[in-house]
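Peer 1: Provided below for reference: sequence and predicted model.
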2 protein chains.
Amino acid sequence: MTLYLNLAELLGDRIEQGLYRPGDRLPSVRALSQEHGVSLSTVQQAYRHLEDQGLATPRPKSGYFVPASRQVPALPEISRTAQRPVEVSQWDQVLEQVSSAPDERTIQLGRGRPDISVPTLKPLLRSLSRLSRRQDLSGLTYGSIYGDRSLREQVSRLLLDSGCQIAADEIIITTGCHEALSAAIRAICEPGDIVAVDSPSFHGVMQALKGFGMKALELPTDPLTGISLEALELALEQWPIKAIQLTPTCNNPLGYIMPEANKRALLTLAQRYDVAIIEDDVYGDLAYRYPRPPTIKSFDEDGRVLLCSSFSKTLAPGLRIGWIAPGRYRDRVLHMKYMGTGSTAQLPQMALAEFIAGGHYEPHLRRMRAQYQRSRDLMIEWISRYFPASVKISQPQGSFMIWVELPEGFDSHRLNRELRAHGVQIATGSIFSASGKFRNCLRMNYAAKPTATVEQAVRTVGELAAQLLAEQAG
Amino acid sequence: MTLYLNLAELLGDRIEQGLYRPGDRLPSVRALSQEHGVSLSTVQQAYRHLEDQGLATPRPKSGYFVPASRQVPALPEISRTAQRPVEVSQWDQVLEQVSSAPDERTIQLGRGRPDISVPTLKPLLRSLSRLSRRQDLSGLTYGSIYGDRSLREQVSRLLLDSGCQIAADEIIITTGCHEALSAAIRAICEPGDIVAVDSPSFHGVMQALKGFGMKALELPTDPLTGISLEALELALEQWPIKAIQLTPTCNNPLGYIMPEANKRALLTLAQRYDVAIIEDDVYGDLAYRYPRPPTIKSFDEDGRVLLCSSFSKTLAPGLRIGWIAPGRYRDRVLHMKYMGTGSTAQLPQMALAEFIAGGHYEPHLRRMRAQYQRSRDLMIEWISRYFPASVKISQPQGSFMIWVELPEGFDSHRLNRELRAHGVQIATGSIFSASGKFRNCLRMNYAAKPTATVEQAVRTVGELAAQLLAEQAG
């Protein structure tokens, strides 16, 4: 990417994150030129790009400003969390969520599915199809427990983009990120142990904690910067925490990117209190800014970070191919992988390795990032338009999921039930909490092409939410 | 299959199991006709078939006899087992075993791989290839946590052959049998709990017990009839056993088929002491006799049997598609599946459903049963010829694995190490024990076409074993 686009994205992120509010003056061309070590014309190009995106307005002789008309929807609150570790509940709600099969008739805004209908995925399908017909049948036999060598080499190369230098030998292929996270947790913790998590947090991890009999300590989480480091430090002081599990880059469900300084500070805390970090980076490559933000793992010096990821969000979830870079916990993680699934399917690994080696991954990512960013803007517009005025919305900096907060007492379970008759489904907020908090919130997916049908579905959710709120008040 | 072939297989099994010894007189044509309710000519046809197989010799006016020349290799001993539950060890040995990737140069007699080079698998590859190219891309998205509906319906139909009437709704698709077994164990037991197992026993299960912090109670196991019911009853009396885990049909590694009466008696014991049964049936469809033997699950009345299986041995392991019929433990098993892998890959499920619905499964099975049975006979011949005279050999009644016992003190680990230089690999006996017993045993695979290269590999193993034994004695 060129210098000016880089700068434009950086400024754009700051504006979107609310560092500059509507009507604010933006930094001068000269100041930016000095700060970033680029030419004046590069800064001017960047500002023209922001103008095109409606994020900056020039005023003659005064420089650039954030458009006063720019709507900045209110952000969700910083989560108020329990003050102590709890056993995880909510399985019934999660099961309801994940039981649904793909269904043509229902608009599924609830599930974490990427758009798989794009032409940039076609080379992957061709590889799958060609490898299936191959005479040596290597796709049908057991592979190594570590995973396919060629795929591990490609993953090792991709990890460079997030600042990680991790050899193929240090990467284990898993059956989706689910298996990576589950193996990571079990590699570190025993039943009864406490794991600190962001809040709201991915339900897959919390249900694994439940299944293994561990406890979750939900930490206050800022919708722009992530887990509160102050709260984390207090918790580390107070409780015998074994691991910190979080999704710091393009968080699910809040969409924030934890600032690099916070990532470093969190690692320092983990070192000081000698706890492991389980970093879920499954959406990291879908950050709208380029180059993508570094992982916490990229700063790791003593192997305490277990980086978990997959191709389920960037490419296709049905492949069930993920990976883990387990650092110093490699032997335990291998054991967990062996007992969980033995080995991971060979054919999709071989097809993925071919796809990436063939140079198809990066163009696909570029396309998806741009598509999801445009859809994010539309989604925010629709929610602002169709939801009750009291709504608060996250500002996703990557991925394809948005978090919507309604006033205290709103019941997203009831909303979801009533949406059935309209053929729409959302994810209820409470599955993102160990103890059923966030019942007044919901998560929606904007991966699908933003058609009139999707707009209508969002409108239905908004109008039904308004109706339920009115009943509640009445 | 025709009546006479049925009868011939039954008699053949009895001869091979040593119920009739070389030189013994076999039952008269008339007696068999009455016992089995078939015509005299059917019995005569059956005997002629046994003659062709070298299992029976006619003597004029005297009837049929087991050929005196027929070598019946000695059977392995009934396992002597620990008298109390133990923590599982042997992970390092198992890891060495499962780390190896497919390698053209090494003859891998050690791993549990079926022959995937047969033409009867081609329709499966065609389905995989065709579905990959399909425009609706349903193979790339998340499926239901329960698995693909059409595949569950096919599995439900296949289960009828083992005597089970289980609705598709009661079947959950898993990522190989590994996930089924792991989920079953975790659905029933807590850390510290005791699970009774056959001995020798599948290492995947024992390593799962290790990973979950449970204890294994290895029970004496007869190489022809399986787990000792007397020992099991004593154990149930003495210990708070939570579950019995076993592979009663075409046992891995011993190859026996537990008699139906024993299966029923085992279930009765489980009912009396209120424990669950985790039944691994992954080789059940590969029983050489037809129709295949019933599962314990087929007698289950109160949902205490969790039947675990897969297509990894019957079709292809690289697909990583298994299933579980979890009976009354369905909700817990679902939770374990969700935390382990989320859902199972869609594409192979769809291809398998097509393959089975297209009528390709049964012909493939027929071919494989016949091929494996012929190879079993050859393998026994080779082992008898090339191994030290003190060798004892299992008499597999299905699947493609044989268990070889050498005298006490023989070290199969050392054998395996020294075999490396010869490009041959076997499975050491100790991985089939929780506590490293059976170090004097080894398991070999006879799935591959029995070429001169395979014969040479078996010869190498035998000769090296003889050499090590001689050194040991010297």
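Peer 2: In hand now; what should we look at? Just so it is clear, the model here is predicted, and its values are computed rather than measured. Residues are numbered from 1 along each chain as shown, chains lettered A, B, ... in the order given.
Peer 1: and A:Gln207, that's in a strand?
Peer 2: No. Counting by DSSP: H, G, I helix; E, B strand; the rest coil, A:Gln207 falls outside a strand, being helix.
Peer 1: Please verify my assumption that it contacts B:Gly340.
Peer 2: No. Contact between A:Gln207 and B:Gly340 fails when scored by CB atoms under 8 Å: they sit 10.3 Å apart. Bear in mind the C-beta positions are built from the backbone N, C-alpha and C, glycine included.
Peer 1: State which helix of chain A is the longest.
Peer 2: helix A:361-386 (DSSP state H).
Peer 1: Next secondary structure after it?
Peer 2: Note on helix A:361-386: by DSSP states H and E, the next helix or strand toward the C-terminus is strand A:392-393.
Peer 1: What segments of the stretch 101-250 of chain A are helices?
Peer 2: According to DSSP state H, counting those that start in this stretch, the stretch 101-250 of chain A carries its helices in the segments A:122-132, A:149-159, A:176-188, A:203-212, A:229-238.
Peer 1: Restricting to C-alpha, output the second one in PDB.
Peer 2: Extracted as PDB, the C-alpha positions of helix A:149-159 are listed here (Å, rounded to 0.1, in the frame of the first residue of the first chain):
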ATOM      1  CA  ARG A 149       4.000 -29.400   6.500                       C
ATOM      2  CA  SER A 150       3.300 -27.200   3.500                       C
ATOM      3  CA  LEU A 151       0.400 -25.500   5.200                       C
ATOM      4  CA  ARG A 152       2.500 -24.800   8.400                       C
ATOM      5  CA  GLU A 153       5.100 -23.200   6.200                       C
ATOM      6  CA  GLN A 154       2.500 -20.900   4.600                       C
ATOM      7  CA  VAL A 155       1.000 -20.000   8.000                       C
ATOM      8  CA  SER A 156       4.500 -19.200   9.300                       C
ATOM      9  CA  ARG A 157       4.900 -16.800   6.400                       C
ATOM     10  CA  LEU A 158       1.500 -15.200   6.900                       C
ATOM     11  CA  LEU A 159       2.300 -14.600  10.600                       C
END
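Peer 1: tell me how far the ends of stretch A:308-319 are from each other?
Peer 2: Terminal residues of stretch A:308-319 are spaced 16 Å apart (CA to CA, to the nearest Å).
Peer 1: That stretch vs chain B: in contact?
Peer 2: Yes. If you take CB under 8 Å from any CB of the partner chain as the test, stretch A:308-319 does meet chain B, through A:Ser312, A:Ala316, A:Pro317, A:Gly318, A:Leu319.
Peer 1: Just confirm A:Cys250 contacts A:Phe400, I think it does.
Peer 2: No. A:Cys250 lies out of contact with A:Phe400 (CB under 8 Å); the separation is 9.3 Å.
Peer 1: Spit out the residues that contact those two alike.
Peer 2: A:Leu286 (CB atoms under 8 Å, 6 or more residues apart in numbering or on different chains).
Peer 1: More neighbours: the two, which one.
Peer 2: Taking other CB atoms under 10 Å in any protein chain shown, A:Cys250 and A:Phe400 do not tie; A:Cys250 has more neighbours (29 against 26).
Peer 1: wait, what's in contact with the more buried one?
Peer 2: Counting by CB under 8 Å, 6+ apart, A:Cys250 touches A:Tyr256, A:Ile257, A:Tyr283, A:Gly284, A:Leu286, A:Ala287, A:Pro396, A:Gln397, A:Gly398, A:Ser399.
Peer 1: Need the max-distance pair from the residues of stretch A:308-319 next to chain B.
Peer 2: Using CB to CB, the pair of these lying farthest apart is A:Ser312 and A:Gly318, separated by 8.4 Å.
Peer 1: which ones are touching A:Gly284?
Peer 2: Contact partners of A:Gly284, counting by CB under 8 Å, 6+ apart, are A:Ser162, A:Thr249, A:Cys250, A:Arg292, A:Pro293, A:Thr295, A:Ser309, A:Gly398.
Peer 1: which bits of the stretch 301-450 of chain A sit near chain B?
Peer 2: Selection of the stretch 301-450 of chain A residues close to chain B by CB under 8 Å from any CB yields A:312, A:316-320, A:334-336, A:338-348.
Peer 1: What about the residues you listed, which are in helices?
Peer 2: Secondary structure from DSSP H places A:Leu334, A:His335, A:Met336, A:Tyr338, A:Met339, A:Gly340, A:Thr341, A:Gln346, A:Leu347, A:Pro348 of these in helices.
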